[in-house]
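Participant: Generate coordinates for the sequence data below:
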Amino acid sequence: MRPTDTDGVPFPWHARIRDAGTGRILGAGMLVGTRHVLTCAHVVGDGRVPPETEVVVEFTTRPGATTTGRAEPDHWIPEGKAGEGDIALLRLAEDQPEGCGASLRRQATPLGTEVHALGFPHDHPDGLWASMRLAGSCGPRGEWVQLNDWRPGEPRQGFSGAAVLNELNDHVMGVVVGGSRGAPANLAYMIPVETVARYLPLTRRWVHGPGAVDPETAVDYDPLVPDVALAQRMTDWLRAPSTVRVIAGGGPGQSRTLRSVIVSSDREHRPPDGVLVSAPPGTVSPAASLDLAVDASGKTVEAISLRILDRLGIPGSPGAAAGRVRDGVPSMTIVVYGIDEADDPVSLVDTLLRPLAEQRSRLLLVFGRDASPALDQARSLESEAARAEREHVLR
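Facilitator: Alright, predicted model coming up:
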C-alpha cells in the first residue's frame with residue numbers, strides 16, 4: 001500500500017525545490033513533520049557557508065501546495081572531503097497538514113536491495129521515477145551507499161534530495177545525494193536515514209524502526225578500550241571479507257571493549273571525529289561496517305529472529321520469525337554477543353546462526369566464557385564457513 005494522507009493523496013510529502021528568482025528546478029526533497037523539508041545541502045547552496053536565500057517548495061502530489069523555505073540553522077551540512085555530509089533541513093514559511101510528512105525508516109542496506117526514487121530532471125519537470133539497486137557502503141568513511149543499475153538511463157540533475165524508497169515496503173531508506181562523478185554513468189549515491197539522523201538531530205523525531213545497535217549499547221562508547229587487542233581483532237574482522245568468527249572468554253574488559261567497537265561501527269551513534277581520534281590505533285571500525293548487533297542475553301531464538309526481520313524491514317510475526325529467517329533473508333554483517341547467556345544457546349547456534357551463515361551472512365559470535373556446548377557448535381560453524389569460503393574462492 002502506498003503511503004497517503006487523510007485525503008488519500010499518494011506520497012503527499014514529495015517536494016520539488018525551485019530557485020525563487022529564476023524558477024529553475026534545483027532538486028527534490030521530502031516533507032518531514034509539518035514544517036520541514038529534508039534535502040541535500042548542495043540543492044540549496046553550493047558554498048561552505050549556510051545559504052540564507054529562500055527557495056520555493058512545491059508538493060507535487062498536492063496541487064497548489066506551494067510555500068517557501070530556507071535552511072534551518074545548524075542543519076545544513078555541506079559535503080566533506082571524505083564523501084560525507086551533503087544533507088540539509090529546510091524550515092518552511094507555512095505549516096503543512098498533519099499526516100502528510102514522510103516516515104523515515106532505520107533499516108539495514110543489504111547488497112542488491114531494489115529501491116526507487118522520484119526526481120525532477122529538466123526534461124521531466126513533473127517528475128520521473130527511477131529504479132536502482134543498493135551496492136554497499138562506499139567512500140573513505142562508508143557513510144554513503146552506492147546505487148547501481150540506475151534505470152532508466154543515467155542519473156540526472158534533479159534527483160538530488162529525492163527520497164529513496166524500498167521496493168518491498170515503500171519505507172524511506174535514505175536520500176539521493178547525486179549521480180556518478182565518473183564512468184560508468186549509471187551510478188548514484190544514497191545517504192541512509194541513520195546517517196541523516198546523526199548529522200541532523202531534529203530529524204530523529206520523524207525516524208522510526210530499530211537501529212543497528214540496541215539503545216542501551218549506543219551510549220557505551222569509550223575510546224580508551226580496556227582490551228586493545230580484542231578491539232583490533234574485532235575491527236580487523238569488520239574490515240575484512242571473512243565470514244564467521246568466534247570470540248570467547250575475553251576477560252573483564254570484554255563487554256566494554258565489545259560495545260565500544262560496535263558503537264563506532266554504527267551510522268547513527270558513531271561518536272564525533274574529535275572523540276574517535278583519541279582511540280588506540282586499529283580500534284575504530286569504519287562507519288556502517290555492521291548491519292546489526294544483537295545482545296542475545298536472556299533472548300529466545302524467536303526474539304532474535306524478529307530483531308533480524310525488523311532490521312531488514314521484513315514483516316514477521318511471533319512464532320513464525322525463525323522459520324522466515326531460515327527460509328532465506330538478504331545477507332548482512334551481524335554481531336551476536338552474550339550467546340552463552342541466551343535462552344537456549346545451542347539452539348541459537350544450530351537453528352538460526354548456522355542458516356544465516358549458509359545464506360552468506362557474516363557473523364561475529366561472542367561468548368563471555370571459554371567453555372560451553374554452544375561454543376563447540378559455534379567453532380564447528382566457524383570451521384565450516386572458512387572451508388566453504390576457501391572453496392568459493394577457488395571456483
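Participant: Listing request: residues of this protein with sub-threshold pLDDT.
Facilitator: Applying pLDDT under 70 to the chain picks out residues 1-8, 81-83, 140, 179-185, 241, 391-395.
Participant: and residue 29, what does it touch?
Facilitator: Listed by C-beta atoms under 8 Å, 6 or more residues apart in numbering, the contact partners of residue 29 are 15-17, 37-39, 43, 57, 90, 161-162. The way it works is simple: take the backbone N, C-alpha and C, and place the C-beta from them, glycine included.
Participant: can we see that at 10 Å?
Facilitator: Counting by C-beta atoms under 10 Å, 6 or more residues apart in numbering, residue 29 makes contact with 13-17, 36-40, 43-44, 55, 57, 59, 69, 88-90, 102, 160-163, 175.
Participant: Please apply the same query to residue 198.
Facilitator: Applying C-beta under 10 Å, 6+ apart, the residues near residue 198 are 77, 84, 87, 143, 192, 204, 266-272, 287.
Participant: Show me how far the helix or strand hosting it is from its chain's centre.
Facilitator: Using DSSP states H and E, residue 198 maps to helix 193-199. Averaging C-alpha positions (C-alpha atoms, centre = their mean, to the nearest Å) puts helix 193-199 8 Å from its chain's average.
Participant: Please apply the same query to stretch 211-230.
Facilitator: Distance, stretch centre to chain centre, for stretch 211-230: 18 Å (C-alpha atoms, centre = their mean).
Participant: how long is it end to end?
Facilitator: Stretch 211-230 has its terminal residues 24 Å apart, counting by C-alpha to C-alpha, to the nearest Å.
Participant: for this structure, what spans make up the helices?
Facilitator: 41-44, 193-199, 228-239, 254-264, 273-276, 301-312, 321-327, 345-348, 354-358, 373-394 (DSSP state H).
Participant: List buried residues within the contacts of residue 198.
Facilitator: By neighbour count, with 16 or more other C-beta atoms under 10 Å, the contacts of residue 198 hold 77, 84, 87, 143, 192, 266-271, 287 as buried.
Participant: got those residues as CSV, with distance to residue 354 columns?
Facilitator: Shown next, in CSV, are those (distance: C-beta to C-beta, whole Å):
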residue, distance to residue 354
77, 42
84, 37
87, 40
143, 33
192, 29
266, 26
267, 28
268, 30
269, 30
270, 31
271, 34
287, 29
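Participant: which one of the residues you listed is nearest residue 305?
Facilitator: residue 266 (21.3 Å; C-beta to C-beta).
Participant: residues contacting the closest one?
Facilitator: Neighbours of residue 266 in contact, by C-beta under 10 Å, 6+ apart: 194, 198, 211-213, 217-218, 221, 285, 287-290, 293.
Participant: Kindly recompute the last result at 8 Å.
Facilitator: For residue 266, the contact set (C-beta under 8 Å, 6+ apart) comprises 194, 211-213, 218, 287-288, 290, 293.
Participant: now, among these, which is nearest to residue 365?
Facilitator: Among the contacts of residue 266, and counting by C-beta to C-beta, the member closest to residue 365 is residue 293, at 11.9 Å.
Participant: Show the contacting residues for that closest one.
Facilitator: 212-214, 217, 262, 265-266, 334-337.
Participant: how near is it to residue 337?
Facilitator: Between residue 293 and residue 337 the computed distance is 7 Å (C-beta to C-beta, to the nearest Å).
Participant: And for residue 172?
Facilitator: Computed with C-beta to C-beta, the distance linking residue 172 and residue 337 is 30 Å.
Participant: Does the most centrally placed residue in the chain have any beta-bridge partners, and if so which?
Facilitator: Centroid-nearest residue in the chain, with C-alpha atoms, centre = their mean: residue 192, separated by 4.6 Å. Under DSSP bridges, the beta-bridge partners of residue 192 are residue 174.
Participant: any idea how far it lies from residue 116?
Facilitator: Residue 192 is 16 Å from residue 116, by C-beta to C-beta.
Participant: Residue 11 too?
Facilitator: 11 Å.
Participant: cool, residue 353 as well?
Facilitator: Distance from residue 353 to residue 116, by C-beta to C-beta: 33 Å.
Participant: Which one's more surrounded, the two?
Facilitator: Taking neighbours as other C-beta atoms under 10 Å, residue 353 and residue 116 compare with residue 353 leading, 25 against 16.
Participant: of the contacts of residue 266, closest to residue 128?
Facilitator: Using C-beta to C-beta, residue 194 comes nearest to residue 128 of the contacts of residue 266, at 27.2 Å.
Participant: Relative to the whole chain's centre, how far out is stretch 340-347?
Facilitator: The answer for stretch 340-347 is 29 Å, by C-alpha atoms, centre = their mean.
Participant: what about residue 273, distance to residue 285?
Facilitator: From residue 273 over to residue 285 (counting by C-beta to C-beta), the distance is 14 Å.
Participant: which one of these two has more residues nearby?
Facilitator: More crowded of residue 273 and residue 285, by other C-beta under 10 Å: residue 285, with 24 against 11.
Participant: I'd say that one and residue 260 touch.
Facilitator: No: contact between residue 285 and residue 260 fails when scored by C-beta atoms under 8 Å: they sit 9.8 Å apart.
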